[in-house]
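Visitor: Prediction below, plus the sequence it came from.
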Amino acid sequence: PGRIIHVNVQLGDIVKAGDVLAEVRSDEVAQIESDLLKEVLETEAQMSQAQVELEVAKATFERQSLLFGEGIAARSDMEKARGEFEKAQLEIRSLQMKKETNVSSTTERMKLYGVHPHEVARLLSTKAVDNTFDVISPRNGIVVDRQVDLAQLIGSEDHLFVVSDLTRVWVVAQLFQRDIAKVRNGLAVEMTVEGYQDKEFKGKVDYISAAIDPTNRTLPVRATVMNPDLLLKPKMFGRMVVECGSSTALAVRAE
């Protein structure tokens, strides 16, 4: 939840994975960062103290081991020193696990808000709380929907953008009932649209509906068509030809 303070893209803009689409100011995210930073700093302080105790315990154990080897110290003193040394090692590992758990849980919590994990890494490296975060594009594609404007208040349930990879598109055609038996998944298709009469787009049938469309008594058939140059646009109308078989005939050249 927060307020939009920057919007960097418009409808139709081509973006890459990692591009910043917008920037949000959020007091809730700032509070989460503040809580994590407080826990991390406290844990690191405890680790510093534990490290000092570890070094003392190590030195004591080494000294007692040396004295025991020379027959000066009792075995019980050496074993006690060993126990203190191992206890100090366990304390360091426990604090390290505590820190990693706090960071991991906060990272997952931030991801629920759409905050990229690099924001947690930035917090830990700079030790500075920031009440803004970037809305990052998760993929290469085109901005086909934008639901936000500058200064708009948003909630965690709001959809801000839709980024679509249009290098492959779905084409849905209406199949006459008399042709239903001829079409199956995997058949090649060619598609043309009015804007590019001299260009054919190729693909394959990958879905045949299980129900007739009641409005026109036809069967919806879908094909995935390659669109590497992004010429096909959403909601375009066109004509799709399904290559459903072959025939042998006696023919004479036109000339």
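Guide: On my side now, so go ahead.

Visitor: How is Q64 classified with respect to secondary structure?
Guide: Under DSSP: H, G, I helix; E, B strand; the rest coil, the three-state class of Q64 is helix.

Visitor: L54 versus that one, what's the distance?
Guide: For Q64, the distance to L54 equals 16 Å [C-beta to C-beta, to the nearest Å]. The way it works is simple: take the backbone N, C-alpha and C, and place the C-beta from them, glycine included.

Visitor: now the longest strand belonging to the chain: how far from the chain's centre is it?
Guide: Identified as the longest strand of the chain according to DSSP state E is strand 196-208. Its chain's C-alpha centre and that of strand 196-208 lie 30 Å apart, by C-alpha atoms, centre = their mean, to the nearest Å.

Visitor: got a pLDDT number for the closest residue to F201 other than its chain neighbours?
Guide: In space, and not counting its chain neighbours, F201 is closest to M191: 4.5 Å by C-beta to C-beta, 6 or more residues apart in numbering. M191 is assigned a pLDDT of 90 by the prediction.

Visitor: go on, G114?
Guide: On the pLDDT scale, G114 gets 69.

Visitor: Kindly report the same for M110.
Guide: At M110, pLDDT is 82.

Visitor: ok, now which ones touch it?
Guide: V29, I32, P117, E119, V120 (C-beta atoms under 8 Å, 6 or more residues apart in numbering).

Visitor: hmm, back to that, and Q64 and L54? Which one has more around it.
Guide: Neighbour count, other C-beta atoms under 10 Å: between Q64 and L54, Q64 has more, with 23 against 19.

Visitor: can you tell me how far the more buried one sits from E243?
Guide: Counting by C-beta to C-beta, the gap from Q64 to E243 is 86 Å.

Visitor: Same question for A181.
Guide: With C-beta to C-beta as the criterion, A181 and E243 are 15 Å apart.

Visitor: between these two, which one's more packed in?
Guide: Using other C-beta under 10 Å as the criterion, A181 and E243 rank with E243 on top: 12 against 8.

Visitor: For the residue nearest to the more buried one when sequence neighbours are not counted, name its beta-bridge partners.
Guide: Once flanking residues are discounted, E243 sits nearest to A188: 4.6 Å by C-beta to C-beta, 6+ apart. Note on A188: beta-bridge partners by DSSP bridges are K204.

Visitor: For A188, list the residues it contacts.
Guide: K202, G203, K204, V242, E243.

Visitor: The same query, at a cut-off of 7 Å, please.
Guide: A188 makes contacts with K202, K204, E243, as judged by C-beta atoms under 7 Å, 6 or more residues apart in numbering.

Visitor: Would you mind putting these into CSV with pLDDT and distance to R253 alongside?
Guide: Shown next, in CSV, are the contacts of A188 (pLDDT from 0 to 100; distance: C-beta to C-beta, whole Å):
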residue, pLDDT, distance to R253
K202, 91, 27
K204, 93, 32
E243, 90, 23
